Structures are given as C-alpha cells and as structure tokens.
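Visitor: Have a look; sequence and predicted model below, questions after that.
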Amino acid sequence: VLGYGDSPPAEMVATAQTRVAFLDHILQELDLRRPVLVSPSMSGRFALPFLLAQGDELAGFVPIAPVGTKDYTAEQYRQVQTPTLILYGDRDTSLGPQALQSFQHLPRHRVAVLPDAGHACYLDKPEDFHRALLGFLRQLK
C-alpha cells in the first residue's frame, strides 16, 4: 500500500480525503465503473474512507480484516448501502473480530469466516477464500 512498508512516504495520501481522491483517480484512469473493492489489511486506510464517501460507486465491498475500522462510527457505517462480504480467518484474533464488530452495522452485509486461516486468509486457505468471494460476486449480478 502506498506510503506503507518499503514504499516511499507519500504526502499525496496523507489524509483520508486525499486517499479517497487517489483511489477515485485510479478507478477513473482504469475506466472501472462500479467495481467490487477487495480490501485486505493495510488497504483499509484507502478503502474505508472511499466506502464511506463514495460507496454508491461500488458494486460491492469485500473487507478482509482491514485496519482502521474503529476510525468510524456505527452511524457512519449504517449509512452505507454497498453490498458487503465481511471476510476473515478464524485464527485472526485481532483485526478480523475487530472489523466484524464495526462492519456489523453495515445494512447490506454478510459474513464468511474461513476455518483454520489467519490474518492473510486468502494465502492460508485460497480455495475457501475464492469460493466465498465468487459466491458473493454471483449474488451481485
């Protein structure tokens, strides 16, 4: 994720507002209309403000134990009408349950917990992850 890990510091994504603008710019440049936004871990810093500001531009949202869920209120989450698949591994005892606690306020959500999977559940159990993701995507049609 830009500005994290080994990537250089990025002033242009220093605030939630600039991260929304950055992600919006990427989606426009790629000419993506109503995409499904998949957001694991650190990408929550970009995806969550985008979901709250422009979630109506998304066909769906798939948070995978993202960071930053506590930065927003239950009331803010209740305003979001984007269909959401809350996905995490049952061995993720930190961010997974924390995300569920916040995201349970999203009115159009469902939950998939992958057994015997940790924080990076898509790496631990890729077949289960893809099965859950594809099931959600089919439901959106």
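Guide: Arrived safely, thanks for sending. Numbering: from 1, shown residues only.
Visitor: Strands of the chain, start to end?
Guide: Shown for the chain, the strands assigned by DSSP state E span residues 36-40, 60-64, 84-89, 109-114.
Visitor: Any chance of the ones you listed in TSV with mean pLDDT, distance to Leu23 and mean neighbour count as columns?
Guide: Every residue, glycine included, has its C-beta placed from N, CA and C. Below are the strands of the chain laid out as TSV (pLDDT from 0 to 100; distance: least, CB to CB, whole Å; neighbours: other CB atoms under 10 Å):
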stretch	mean pLDDT	distance to Leu23	mean neighbour count
strand 36-40	96	8	20
strand 60-64	97	12	25
strand 84-89	96	17	25
strand 109-114	96	21	18
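Visitor: Turn those strands into JSON lines, including distance to Gln54.
Guide: Listed next are those as JSON lines, based on distance: least, CB to CB, whole Å:
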{"stretch": "strand 36-40", "distance to Gln54": "10"}
{"stretch": "strand 60-64", "distance to Gln54": "11"}
{"stretch": "strand 84-89", "distance to Gln54": "15"}
{"stretch": "strand 109-114", "distance to Gln54": "18"}
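Visitor: Between those, which one is closest to Glu75.
Guide: Proximity to Glu75, assessed across the strands of the chain by CB to CB, is greatest for strand 109-114 (15.6 Å).
Visitor: Of all the strands of the chain, which one comes closest to Phe129?
Guide: The nearest among the strands of the chain, by CB to CB, is strand 109-114 at 6.2 Å.
Visitor: Tabulate the CA atom coordinates of the closest one in PDB.
Guide: What follows is strand 109-114, C-alpha atoms only, in PDB (Å, rounded to 0.1, in the frame of the first residue of the first chain):
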ATOM      1  CA  HIS A 109     -23.600  -7.300   4.800                       C
ATOM      2  CA  ARG A 110     -22.900 -11.000   5.100                       C
ATOM      3  CA  VAL A 111     -20.100 -12.700   6.900                       C
ATOM      4  CA  ALA A 112     -17.700 -15.500   5.800                       C
ATOM      5  CA  VAL A 113     -15.200 -16.800   8.400                       C
ATOM      6  CA  LEU A 114     -12.600 -19.200   6.900                       C
END
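Visitor: Quick one: low-confidence residue ranges for this structure.
Guide: Filtered on pLDDT under 70, the chain yields the residue ranges 1-13.
Visitor: Kind regards, and thank you for your time.
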